[in-house]
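S.K.: below is the structure, and that's it, no one-letter string:
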């Protein structure tokens, strides 16, 4: 829009920038009849023109005097600005004069302020100097008289006053006073050390002196002196206090050995009580002398125990070692209750780090870990338990000396676990396999729970002894016996399959009453396999939890060395082998029936009847085995599903291979086989819940395998039933139904139809010609078509059902 329209909006077409006169006139006179009003329109336009002329004239006249008025206003503004600049300059000059006047007035006042400040500083410094000189004289006199009570307060004041003269050390008198103060401090230090040496001599075991007010005040003075004086007093006192301990518990003394370790801790307890009674008030509370004595006792004890254990390493037994460790850890716990650990800042013992939160279901309360059985529940994973945080700053201050000798404990656990595994093997042989208990499902072998309870006890016990390399060694032992349990107890007791079929004849296979004789495994053996499978599943889950718990117990730097993946894989192999045994057993039981099917004379079948005897035999074996397996694997439902899937993957291809052996087949024989195949398909689809009162929907993965495999068997029979004339239609029908472009499969179909070799040769040539072209870069020797969609399979199944109903 033009600027005029933006300022004065208008809807009049005459004001538009793109005004078109022709369009405007056409809009006024759209038809010939409207021309009758032309005079009225012309008059309106003329009136509008006159009004616009009047408005323009008025505006032009109004603008005649605008220029003259603007120039006059500009001149007046310039004059006002000049007057304003003049006033501002006057104000600035007056401000400068006022500032100069103020400076002249306050010059004398500033000089007085500086003089007052210097005078105050001089007076204060002279007072400090007087106090320093008097204090130094008093300090020297009191030191000679050993008036430590007064010296403690005076010395701190003198030191504080001397700090004010640090910038005046260039003055000889001040430097001389400073040197006198340092000399007095040195003299006090040597004098206090001499007093303590006299009261508590380091030579001899008997204490000739005792606590006194002089020594108590001397300790207060030592707080002000060089920290080395305080450290020397503490060191000498503790050394003299523990001198008797070193004599009583020398390496050659009978009480020094581990079996009498209680006497060491009893001795220090008595000494601490004696110290509190006699010397508790002599030392300042902030020195924490009681704790320092206990800590030094721990260091000395650790060194003495390490030395004697190295000397008598061959005499260390497991019970003796555990006894000493238990008493030592109890003593460390007692120290944690009595002291705060504030004197451990030297870094000899570090406080344990807080472990991160864990969701480990293997975690249990440590107090009951030695006796409680490990129970795995799904709810445990939903409620993570926070691990117990060790808060003992004294942990390991003495017991660290036992760590180099923990190999004795590890070797003992190795021996005990070996005996435990041997006992499990002997008990299993003596008691035999677990009795079938179909109502309650397959039971986990009790020996696995005993094994993991023992593992838990060892792990907790070892973590209390050390969280370093001994835990790694114990983990290695755990791995060793987990593998032995898997092979000796689980895999070693799986029933063995036999190669013979029991001498059964085809005739006996066709008798339903004798079908039960086909099963290779007895009921007890099936229950045993399921029990071993459930036990392996329990061990697999618990081993994973054991690995997590071990990583929590061990030092963070060693976590990567704990890996039980190999043992978990071993239990997975046991599970896989158990499932494979169950599948082989049922599969072998069905083999004679399938063999009988392939040996029947299908070209002589005259009419379609009920399902064939071999189908009844297969169904009978399935109904005998599957409910037992399902009930015994009730607690491990996923592995029962794996069993069903593996059986379907094994049985269906075997059934199709036996179908190819049924040759030649007549039309009626093919219809009977189609009926039998449909019956087997229905049974297989119902396999997971067969014989169960509670009907469950079969898993989708299993149903897909059965439908795909058995539909292929049905399609094979449909191709066999189709006429082979004309050949082109037969070949196209085969390719469409089976989606299999293998010449071997087509050859087998032709054999089933009973065609002559000459007919088969021409049919094979035609088949090769009708094959779809291979994809670019593909192998032309073996082609495959895309599998039929689920809608196509559903349509074929409905047609098949109609055909069967029609035949029946």
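M.R.: Perfect, I can see it now. No experiment lies behind these values; they were computed from the predicted model shown. Numbers count the residues shown, from 1 in each chain.
S.K.: only C-alpha atoms for contact and neighbour calcs from this point on.
M.R.: OK.
S.K.: so what's the residue nearest to residue 303 when sequence neighbours are not counted scoring on pLDDT?
M.R.: In this structure, residue 303 finds its nearest non-sequential neighbour in residue 401, 7.6 Å apart by Cα to Cα, 6 or more residues apart in numbering. Per-residue confidence (pLDDT) for residue 401: 85.
S.K.: again with residue 421
M.R.: 90.
S.K.: surely it is in contact with residue 487?
M.R.: No: using Cα atoms under 8 Å, residue 421 is not in contact with residue 487, being 10.8 Å away.
S.K.: quick one: residues contacting the residue nearest to residue 303.
M.R.: Going by Cα atoms under 8 Å, 6 or more residues apart in numbering, residue 401 touches 302-303, 305-306.
S.K.: what do you get for residue 639?
M.R.: Per Cα under 8 Å, 6+ apart, neighbours of residue 639: 579, 633.
S.K.: and what of residue 195?
M.R.: Residues in contact with residue 195, defined by Cα under 8 Å, 6+ apart, are residue 215.
S.K.: tell me the average confidence for the helix or strand containing it?
M.R.: Using DSSP states H and E, the element containing residue 195 is helix 172-199. The average pLDDT within helix 172-199 is 72.
S.K.: likewise stretch 601-613?
M.R.: 85.
S.K.: ok, now stretch 282-291?
M.R.: 81.
S.K.: now the end-to-end length of it.
M.R.: End-to-end distance for stretch 282-291: 15 Å, by Cα to Cα, to the nearest Å.
S.K.: now do the buried residues in that stretch.
M.R.: For stretch 282-291, the neighbour count (16 or more other Cα atoms under 10 Å) marks 282-283, 288-291 as buried.
S.K.: closest one of those residues to residue 114?
M.R.: residue 283 (50.6 Å; Cα to Cα).
S.K.: quick check, the closest one in a helix?
M.R.: No: using DSSP: H, G, I helix; E, B strand; the rest coil, the assignment for residue 283 is coil, not a helix.
S.K.: and after the one helix or strand residue 415 maps to, which helix or strand comes next?
M.R.: Per DSSP H and E: residue 415 is located in helix 407-431. Downstream of helix 407-431, the next assigned helix or strand under DSSP H and E is helix 446-465.
S.K.: and that following helix, what does it pack against?
M.R.: helix 407-431, helix 469-484, helix 523-553 (3 or more Cα pairs under 8 Å, 6 or more residues apart in numbering; DSSP states H and E).
S.K.: just the angle between it and helix 407-431, please?
M.R.: 170 degrees (axes from the mean of the first three to the mean of the last three Cα atoms, to 10 degrees).
S.K.: just want the angle from helix 446-465 to helix 469-484.
M.R.: 170 degrees.
S.K.: closest to residue 93 out of the helices and strands packed on helix 446-465?
M.R.: Taking these one by one with Cα to Cα, helix 523-553 is closest: 84.7 Å.
S.K.: and the helices and strands packed on helix 446-465, which is most packed in?
M.R.: helix 523-553 (a mean of 22; mean count of other Cα atoms under 10 Å).
S.K.: who does that one touch, helix- and strand-wise?
M.R.: Counting contacts by 3+ Cα pairs under 8 Å, 6+ apart, helix 523-553 packs against helix 446-465, helix 565-599, helix 613-632.
S.K.: quick one: which of the ones you listed is nearest residue 647?
M.R.: helix 565-599 (5.3 Å).
S.K.: got the buried residues for the closest one?
M.R.: 567-568, 570-572, 574-579, 581-598.
S.K.: would you map the helices across the stretch 701-808 of the chain?
M.R.: 727-738, 743-753, 757-770, 790-807 (DSSP state H, counting those that start in this stretch).
S.K.: pick out the shakiest of those helices, pLDDT-wise.
M.R.: helix 790-807 - the lowest mean pLDDT of these, at a mean of 52.
S.K.: helices of the stretch 251-400 of the chain, start to end?
M.R.: 261-279, 289-311, 318-338, 378-382.
S.K.: need these in JSON lines with distance to residue 531, can you?
M.R.: Formatted as JSON lines, the helices of the stretch 251-400 of the chain follow (distance: least, Cα to Cα, whole Å):
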{"stretch": "helix 261-279", "distance to residue 531": "49"}
{"stretch": "helix 289-311", "distance to residue 531": "48"}
{"stretch": "helix 318-338", "distance to residue 531": "37"}
{"stretch": "helix 378-382", "distance to residue 531": "20"}
